[in-house]
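Q: Give me a model of this one.
(chains A, B and C)
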Amino acid sequence: MSATYAFTLNGQPIEVEGPPMARLLDVLRRDLGLTGSKDGCGEGECGACTVLLDGEAVCSCLVPLFQVEGASITTVEGLSSEGRISELQRVFATEGGAQCGACTPGMIVSLRALLDRHPAPTRAQVREYASGTLCRCTGYERILRAVEVLTDQRLAEGVAAPEAREPSSE
Amino acid sequence: MTFADSPTSLAEAHEALTRGAIKVAGATDLMVVDHATLREHASVLNVLGIAELQGIRLTPDGLDLGAASTFTRIRQAEEVMRHAPVLVEAARTIGAAQIQNRATLGGNIANASPAGDSLPALLTLNARIVMAGPAGRRTVAYDAFHTGYRTTVLCADELIERVIVPLPTPAVQIFKKVGTRAAQAISKVVVALSANRREGALTDVRLAMGSIAAVPTRLVEVEALISSGPLNPDLADRAAALIERTIAPIDDVRSTAEYRRHVAGRIVRRILLSILETPPA
Amino acid sequence: MQHLNAVGQSVPRPDGLAKVTGTALFLDDLPENGCFHGVTVRSPHASALIQSIDGSLVARADAEAIVLVAADVGPRNSVHLIHDDWPILAHGRVNHHGEAVALVAAPTLARARAAAAAVRVEYEVQAPVLNLDQALEGDPRTNGELNILARCEVDHGDVDSAFAEADVIVEGEYATGHQEHAYIEPHGIMATPRFDSKGVFTGVEVVGSLQCPYYVHEALCYLFDMEGSAIRVLQSVTGGGFGGKEDYPDLIAAHAALLARACGREVKIVYERQEDIIATTKRHPSHIRHRTAVKRDGTLVAMDIHVLLDGGAYTTLSPVVLSRSVLHAAGAYSCPNVRIRGRVLATNTAPNGAFRGFGAPQSLFAVERQMDKVARALSLSPYEVRSKNAYREGDVTPTGQVLKESVSALGVLERATLATRFRRQRSANEAARAARQDDGRPLLGIGLSLFWHGSGFTGNGERRMMSKGAVRLRPDLKIEVLSSSTDFGQGTEGIFRQIVADACGVSLDDVVVHVPDTAAVPDSGPTVASRTVMVVGRLLRRAGEKLSFALGAFAAQLEGIAPVSVVLHDGIFETEQGTTPFREIARRYLALHGPLVAEATFEPAPDSAFDETTYQGDAYAAYGWGACVVEVEVDPDTFALRLAKLTTVSDVGHVIHPVMCAGQVEGGTLQALGWGYLEEMKMKDGRYLNDRFQTYLIPTMADTPDMETILIENPTKHGPFGAKGVGELPMDGGAPALLQAIENATGICLSAIPATPERIFEASKIKAES
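A: Purely as a prediction, here's the structure:
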């Protein structure tokens, strides 16, 4: 059974017709032409398909279409508009955060979710939060440094306060 | 062709469930299997919008967690941090952020994987599972929930509605996962222990493990040993030896039986030593 | 020497914006235009005779579906690489689990999958050969004899006499396992067929996620027995390769092209992750045996090394992998007497093929662990034994190559030990272990490795390839780089712009890079072997200089002065009469003379030679040098590792782009560490059990150490502006350094990887018993 589902996509209301269990990833890529989210493993392990669902990072390969009814979805395409890219995207490009680019959209969306909650995260916070997105090219060091460049900038501008150190989990 | 329902109340849900609808919560396992096998369901039911499954609160019965609570919510909820830190620690280790944002407590329980990370924590918390079906509600001790490998007492037309953790919870709660890597890993062995301290000994000991048997398992014999006398390094060593002798895990793609046996004992030993080193609150 | 404006600067990569905004179009992102989707029917057995294949039910399942079997491939049913033993579709028998047996195409992916399920294949299952131990017992396919896919031997000095007179002889055996490339974008190819007015197939255009457009081009020319002009191969944005998209796209392109010919329309094949892991190439597992003769002071006297690689089912590039493995097997150390024997044996697993490092990581793992064993036998520290024997300028390698320039073995070693206070830290860890309580606190370890990696093809490879690179002045006055070198993440495109901008004397904005397209770019050789910057970059520098010189001569002509006095700098032609912008001269040139293209062809160094029959001579034009220090915490109860700190020192010559160069080192070293302790391919009946990302684990950000990446620059005359290759060097040192660190932490000495907790646990029991 195909049905029509209404949700918000990158700030715009949208209606999509499709089977209820269609993967959100396929709906985005095939039906809506938003190919920024990548299909890297189909089982929620690589994070290349990460989108924001009501502001929280999720793997769009694991979200059935019928569960996004009424929700707000943001994809990597929604993080930049009319040639204006976010600071996160800018530092990612200049600091070596992107190599092959296949994980990059998912990584950027995951980091956006973190930065929305923690504007100046510690390295440990970035490591924990972004561990759901695999990168095979960079060794992650330049991704961490990109976030640090952004964090330093935010702290210097006074738009973010430093994070308190989280107690160790052990 | 799949028929889909997104009810907002249990009453609405029951009708679809009697038709045999597949329950869909965070879908983090279901979607993987669906995609890999190309299977299609005749009917699916979104449980995430059901009002009765929402929220985390304190009630006279105890810490009351809605089955639709995601592990992110569990990690963030002050009530859980205060009363059930072992569950918070378990929640931290389930997948990574993308999974914790979707996967639910009820889903983890109903999915009934022997490697489910929250399950040993629930065993140590003496949790009760509230299930709702067409015939009404029933509550079972989580101890009695699993009946075998991936089978449970939950009927097809029932939903896990809530999970109740009786209060007060034990003062000592410790969780340790031995996974395949530092994050986003399936467990090789997962250990949860809860207890109270009385003078130099532990009482009310509950020790549970995952990935060592077909179901998440309490180690009653070891619990008895740990409660049997003053907590000291010798007791810790004896507990480790008993575990290594008595559990019967399997070889699989993630680890070996022998390693699991060894590590399960060593982890419990370490937990006991760490309790010994920590002055009572 | 040109003025360097761009080279050496970490300028933004040209594809960065598209990648961070998600607008970069990978193969599966391209418009489909009503294409059919191709699906591969695969063998469920590792070794079996094919008794029958019946595709007749496919038509009943889906009238539009097309099915192809071996008989439909034509007479040239093999992937044209070194030996043509790798069938495009299995005929008669299958030699590995997941081998392609039939192809199906249908209008949608779901329909293609459903149709593929209707193909019936009957097998007579045979006993497979699944690993090197079994292969050494003989192979049924070769009547119980060893099934040798390749051999390679190097002899230097008088090994037997040296052993007879040696103070100390140390023996060791080392093993490494399969490694999956795990590029984040799985394989994908789209093929568009061409037909003439009579409907006769005249060629095919292929676009795909690939490293080597001309390899695919050659494979398709061979398959269809067609002229080069009939086949066109383009690269789409490629989401990682690491060697995995060097050889294997030949096969997928053949599949897609055959289906496209049969369907009469575009066909796309995109692998699912599991399919990608099951079917495609892996790093060759190895067994390597060392016998080393040393003086009491640690000086190497002789090395006797046996390298055995598991080639998998077919030859693919194994002879070349073996060659590089053998040529690196004695490590970064001078030794007067060396004998190396290498063989690749066939097994019944997916063919093993190219993977970053190309055999060298296996042999460098072995020799580095052997050096640790030598040190232990002589009570020397790992640092001392390395420092005593590390190559100096003027030393001679096992192939008789005199290392005349750009030798940094000692330099990287010293820098790495200083940066990490290696010797002090190592002793402190040992003392801490001796004094430790059994209290669950982590054990700290530090480990060091020293390694080298030859840049460019081995021996006469470059001479044979005779690569070309070109630059072209476009009508829009951009200088366009024409080469077949691909960017699959490393930053090739940006680095070529930097090299050409400085070679020409123009700004970066004046330079663009043409997409690798066999219809438009010359054959610069494959993008492999750490050759892109050093070999192709040098061609492009020369081509750029030629173009710049031609414009300068034209500018001189316009002003009636001697051509040599007009040089392009910073986008300006300057003469005594005044200055003219580059664009002005370029515009006038094009108006007067039309197109301007400058090409350069590889020129072998006049003083270098390599004899392929004796394996003596200059094996590589230049070598990169690396030292790697890993600091690790070992959980004494679970033997789980936490990588605490990684320090690398690399000499890759003049660094063209510091950030991207460091990115290569960091990413490569993490792959090496993953291979060293985490990435494992278990098998059951020839089927990989770790065939998903849930079971084949690569390091996440939480598994990764903080990294300090030090680049020292010892230029070579063989590369542009002194640059050497960086791509593979980082893969060489991580694993042995990690195992030495584990040894420092635990006293447990491992000789096989991956060093999983289970493996360390096993070794700890043996240690406890002894």
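
Q: Next to chain C, which bits of chain B? Give me the list.
A: B:36, B:38, B:96, B:178, B:180-186, B:253-256, B:258-259, B:262-263, B:266-267, B:269-270, B:273-274 (Cβ under 8 Å from any Cβ of the partner chain). (C-beta placed from N, C-alpha, C; glycine too.)

Q: Please spell out which residues along the lengthiest helix in chain A are buried.
A: Across chain A, the longest stretch assigned as helix under DSSP state H is helix A:141-157. Buried residues in helix A:141-157, counted by 16 or more other Cβ atoms under 10 Å in any protein chain shown: A:141-151, A:154.

Q: Kindly report the same for stretch C:36-49.
A: Buried positions in stretch C:36-49, judged by neighbour count with 16+ other Cβ under 10 Å: C:36-48.

Q: Show me the shaky parts of chain A.
A: A:1, A:82, A:164-170 (pLDDT under 70).

Q: again, only this time at 90
A: By pLDDT under 90, the low-scoring segments of chain A are A:1-2, A:80-84, A:158-170.

Q: where exactly do the strands run in it?
A: Secondary structure of chain A (DSSP state E): strands at A:3-9, A:12-18, A:50-53, A:56-59, A:72-74.

Q: Check chain B too.
A: Assigned by DSSP E, chain B shows strands spanning B:3-5, B:22-24, B:43-46, B:56-59, B:62-66, B:128-133, B:136-141, B:146-148, B:151-152, B:159-165, B:172-179, B:187-198, B:201-210, B:217-218.

Q: residue closest to the middle of the chain?
A: With no chain named, the answer covers chain A. Of all residues in chain A, the one closest to the mean position by Cα atoms, centre = their mean is A:Val109, 1.5 Å from it.

Q: um, chain B though
A: B:Leu119 (1.5 Å).

Q: Report the spatially nearest residue to it, omitting neighbours in sequence.
A: B:Pro216 (3.8 Å; Cβ to Cβ, 6 or more residues apart in numbering or on different chains).

Q: Give the buried residues for stretch B:38-58.
A: Neighbour count says stretch B:38-58 has B:41, B:43-50, B:52-53, B:56 buried, by 16+ other Cβ under 10 Å.

Q: Considering the residues you listed, which is situated nearest to C:Asp62?
A: Proximity of these to C:Asp62 was ranked by Cβ to Cβ; the top entry is B:His41 with 23.0 Å.

Q: And that closest one, how far from B:Val33?
A: Remark: distance between B:His41 and B:Val33 (Cβ to Cβ, to the nearest Å) = 11 Å.

Q: cool, and C:Ser325?
A: 41 Å.

Q: could you list every residue that touches C:Thr638?
A: B:178, B:263, B:266-267, C:757 (Cβ atoms under 8 Å, 6 or more residues apart in numbering or on different chains).

Q: mind redoing it with 10 Å?
A: B:176, B:178-179, B:188-189, B:259, B:262-264, B:266-267, B:270, C:440, C:757, C:760-761 (Cβ atoms under 10 Å, 6 or more residues apart in numbering or on different chains).

Q: Would you point out the most distant pair within those?
A: So, these by Cβ to Cβ: farthest apart are B:Lys176 and C:Ile760, at 18.4 Å.

Q: Can you give me the neighbour number for the closest residue to chain B within chain A?
A: Here chain A gets closest to chain B at one residue, A:Gly132, 2.7 Å apart by Cβ to the nearest Cβ. Neighbour count for A:Gly132, taken as other Cβ atoms under 10 Å in any protein chain shown: 29.

Q: Could you verify that C:Val632 is part of a strand?
A: Yes: under DSSP: H, G, I helix; E, B strand; the rest coil, C:Val632 sits within a strand.

Q: Secondary structure element holding the closest residue to it other than its chain neighbours?
A: The shortest distance from C:Val632 to any non-neighbouring residue, by Cβ to Cβ, 6+ apart, is to C:Ala741 (4.3 Å). Here C:Ala741, judged by DSSP states H and E, is contained in helix C:734-746.

Q: I'd like to know how far the residue lying closest to A:Glu69 once chain neighbours are set aside sits from chain C.
A: Once flanking residues are discounted, A:Glu69 sits nearest to A:Tyr5: 4.7 Å by Cβ to Cβ, 6+ apart. Per Cβ to the nearest Cβ, to the nearest Å, A:Tyr5 is found 20 Å from chain C.

Q: So B:Gln173 sits against B:Val191, correct?
A: No: B:Gln173 is not in contact with B:Val191 according to Cβ atoms under 10 Å; the separation is 11.8 Å.

Q: Need the overlap of contacts for those two.
A: Counting by Cβ under 10 Å, 6+ apart, the contacts common to B:Gln173 and B:Val191 are B:121, B:124.

Q: what about the residue nearest to C:Val632, neighbour count?
A: Neighbours around C:Ala741, by other Cβ under 10 Å: 29.

Q: dump the residue contacts of it.
A: Counted by Cβ under 10 Å, 6+ apart, C:Ala741 has contacts C:426, C:429, C:444-449, C:629-634, C:641, C:643-644, C:676, C:755.

Q: Wait, a helix at C:His217?
A: Yes: if the criterion is three-state DSSP, then C:His217 is within a helix.

Q: which one in the contacts of C:Thr638 is the model shakiest on?
A: Of all those, C:Gly440 has the smallest pLDDT value, namely 91.

Q: mind listing what the nearest residue to it once chain neighbours are set aside touches?
A: Excluding the flanking residues, the one nearest C:Gly440 by Cβ to Cβ, 6+ apart is B:Arg270, at 4.0 Å. Counting by Cβ under 10 Å, 6+ apart, B:Arg270 makes contact with B:174, B:176, B:191, B:236, B:240, C:438-441, C:635-638.

Q: wait, doesn't the residue nearest to the centre of chain A sit right on A:Leu34?
A: No: using Cβ under 10 Å, A:Val109 makes no contact with A:Leu34, being 12.0 Å away.

Q: Mutual contacts of those two, please.
A: Counting by Cβ under 10 Å, 6+ apart, the residues touching both A:Val109 and A:Leu34 are A:51, A:60, A:75-76, A:78, C:22.

Q: Format those as TSV; extra columns: neighbour count and distance to A:Gln99.
A: TSV is the format used below for the shared contacts of A:Val109 and A:Leu34 (neighbours: other Cβ atoms under 10 Å in any protein chain shown; distance: Cβ to Cβ, whole Å):
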residue	neighbour count	distance to A:Gln99
A:Val51	32	22
A:Ser60	29	23
A:Thr75	25	21
A:Val76	28	16
A:Gly78	21	23
C:Gly22	26	15
